[in-house]
Each structure stands twice: as structure tokens, then as C-alpha cells.
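Engineer: what would the 3D arrangement of this be:
(one chain, ligands or ions: 3)
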Amino acid sequence: MKLKFRILSAIILTVLVFTSLSYTSGVVEGQTPTSEVLLFEGWNFIGLPLVPEDPSIDIVLSEIIDNVEAVWTFDGYLKTWSSYSPRAPSDLTEMVEDKGYWIKMKTNVILTIYGCESESETLLLSYISYLEYRLETIMDINIKQYYTWEYLDVTWNWDITPIPISLYVDYYERSRPIYWSSWVDMAKDPDDDYYITKMIQQINSDSIKAGFTEIEKVNFVISFVQSLPYTVDSVTTPWDEYPRYPIETLFDRGGDCEDTSILVAALLDRLGYDVCLIFLEDDNHAATGISIEGGYGTYYIHEGVEYFYLETTGEGWQIGEKPSSLISTSAYIYPLNP
Ligand SMILES: [Ca+2]
Ligand SMILES: [Ca+2]
Ligand SMILES: [Ca+2]
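Structural biologist: Numbers count the residues shown, from 1 in each chain. Ligands and ions are numbered 1, 2, ... in the order given. As a prediction, this is how the structure comes out:
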């Protein structure tokens, strides 16, 4: 009973002290990690923050042994207490992590523990480094896309130069512009030049083989982009309006009007044409425009240049064909190279 009373009063005392207990850890490469436990005069309840190098209690407490009066611990499984007193016969011989100890001090001291991280911490750290490794591997993956569509009664099959996931993620993480005029910067973004150039080589070689005229080449490009599925921003992204960079539209295999218009503008710009982005406010619709010799159909004049309308959504629209469902009578024109 006397022991129980002592322990009980110690609990009350040390719960107060415990709230001000603090642990600090330090790890220097090549050295045994250490961790400090603050001990106050009287009873303290502690757990070891590291797995001690040598769990022998004389070793764990060796640096502060002159200030230790007693250590007690309770074995929840055996329902027994064991205790330690310096230089006296003791049944408590070891201190291990994952266990609580009552320790009575003659004065305030700092106990330094020499050891290693506990197993659960080591497991967590190794899991984190495993995930980091996985992420690096995933980022290195290149995705090859295959496209099939019809143009002038021919089935065209393209496999485009594989796009690394890291490039896609780089674009995906960019903030989206709020002004329509900024779509020009998206169409002209330099980070995709390598991939856009590869597509241009494909377009040029197919056009030469097929003997396309300049106008047919432009229609060829828009027929490819028109073949990508139309996807609604608010369905495919968390946003109502979400302009995509050209790589994103290729990678996502589709988009809505401003996405496909930005892609068409990027391709035709790289092919050397004078192009613009067109925004029809009353229809909330975007399109691309091209200044080209022999162009026909609907066009907009901007600073003396005739930009022929290119519809980039739906299928079968050719240069100068503006869907009659569109009601806008004026348009915002944003040349890529003003
Ligand atoms: Ca570019
Ligand atoms: Ca949109
Ligand atoms: Ca969009």
C-alpha cells in the first residue's frame, strides 16, 4: 500500500511535470543519433525517443547516474512493477523504447540517449524513400499516343513522339490565365517546341507525299485536331473554364474550343503561317484564324490582315467555314506574332 501511495502521488506530480517535458533529437551523418530528455527534480514519467545502443540501465543512465534516485516501470502483461536504484540490487536492468518509466531525480538534468530510430520510424522513412523512388520512375515514363482519323477519304495514322509524364505534369501544375489574350502565350510556349516540331515534320512529310496544296495542308491540320474528342472543361477539370496548353490537349486527347484553337494555332504558327486566336464573345466560342494566299470563306480583318476563320471543334469544317449557329457579329482577334 505504501508503494502504491508513493506511485500515485508521483503520478499526480509528474503529470504536471510531463506537460513541460521535451525531447530534442539530433542526427549527424556518421555519428550515433542522439536525443535529449529533460528531467526535473522529483518524479518524471518518460519514454525513450530512440532505441538505445545498449539497453542496460547502468549504461543508459550512466551520464546522470549520480542524480538518479530510482526508476520504476510497470509490466502491463505480467501486472508487476520492477525497479532500479543505483548501486543497489535491482530487478529492473534494462531500459527500452516503447515503454514508460517513472524516474526520480535529485535535481534537474538532461539525459542524452544514444541509439537509433525505432523500427516504426525506420519503416516509415524507408516507405517514404520507396515512394520517392516510385515517383521518380513514374516521372521518367514517356507516353506514346496514337491517333487515327479521316481526311480526304484517307485514314491517317500518327504515332507522335512520346511525351514524358514530367513535361505533362510541368504544364498541368501551371496556373491558368484569366485573359483570352493570354491564350497566345500558351500557343507560343517554348517548352513544347521539341514535340510541336516533331509533329510539324510529320505534317510536312505527309503533305509532300500526298501532294497537298497549302490550303489542303491547313485543312489537314485542322482535320487532325477536329478529330480529337470535344470535352467540356467543367466535366474534365474542376474548373468552368480551363484553357489547355498544346501538350495537354495532345496528352488528354481532346479539349474544348479554346484548347483545340490553341493547339491549331501552335501547329500552324510552327509551320510558318501568320495565325491568330479568335474569340466570339456572344457565343463564348474560340477559333483560330490564318492569313493565307488563296484563302476563302469567312475572314476577319485585323490591322489590315485578313484572317480566315478555322473551326477547330466538330468535324469536317474547312478553312473559312464558320458554323451558322454562331451569332457573334464581331470578334476579338489575337495574332500570335503581332
Ligand atoms: Ca511551343
Ligand atoms: Ca472552355
Ligand atoms: Ca478548355
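
Engineer: quick one: end-to-end distance for stretch 134-144.
Structural biologist: Terminal residues of stretch 134-144 lie 20 Å apart, using Cα to Cα, to the nearest Å.

Engineer: can you give me the buried ones in that stretch?
Structural biologist: Residues of stretch 134-144 classed as buried: none (neighbour count, 16 or more other Cβ atoms under 10 Å). Backbone N, C-alpha and C define where each C-beta goes, glycine included.

Engineer: for it, the averaged confidence score.
Structural biologist: Averaging pLDDT along stretch 134-144 gives 93.

Engineer: excluding its backbone neighbours, what's nearest residue 85?
Structural biologist: Of all residues not flanking residue 85 in the chain, residue 70 sits nearest, at 5.2 Å (Cβ to Cβ, 6 or more residues apart in numbering).

Engineer: do I have it right that the one you found meets residue 84?
Structural biologist: Yes: counting by Cβ atoms under 8 Å, residue 70 sits close enough to residue 84 to count as a contact (6.7 Å).

Engineer: and the two? which has more neighbours close in?
Structural biologist: Neighbours of residue 70 and residue 84, each counted by other Cβ atoms under 10 Å, are more numerous for residue 84; the result is 22 against 18.

Engineer: any idea how far residue 78 is from the more buried one?
Structural biologist: Separation of residue 84 from residue 78 (Cβ to Cβ, to the nearest Å) stands at 17 Å.

Engineer: ok, now residue 220?
Structural biologist: When distance is defined by Cβ to Cβ, residue 220 is 83 Å away from residue 78.

Engineer: now do residue 247
Structural biologist: As for residue 247, its distance to residue 78 is 65 Å (criterion: Cβ to Cβ).

Engineer: looking at the two, which is more packed in?
Structural biologist: Remark: of residue 247 and residue 78, residue 247 carries more neighbours, 22 against 8, as counted by other Cβ under 10 Å.

Engineer: which residue sits closest to the more buried one in space, ignoring its chain neighbours?
Structural biologist: Leaving aside its chain neighbours, residue 247 sits nearest to residue 192 (4.6 Å; criterion: Cβ to Cβ, 6+ apart).

Engineer: so how many other residues sit close to that neighbour?
Structural biologist: Residues within reach of residue 192, counting by other Cβ under 10 Å, total 23.

Engineer: so what's the residue count around residue 301?
Structural biologist: Residues within reach of residue 301, counting by other Cβ under 10 Å, total 9.

Engineer: state the mean pLDDT of whichever strand or helix holds it.
Structural biologist: Element membership of residue 301 [criterion: DSSP states H and E] is strand 299-302. Along strand 299-302, the predicted confidence averages to a pLDDT of 97.

Engineer: from the contact counts, what lies against it?
Structural biologist: Packed against strand 299-302 by the contact rule (3 or more Cβ pairs under 8 Å, 6 or more residues apart in numbering; DSSP states H and E) you find strand 285-291, strand 305-310, strand 332-335.
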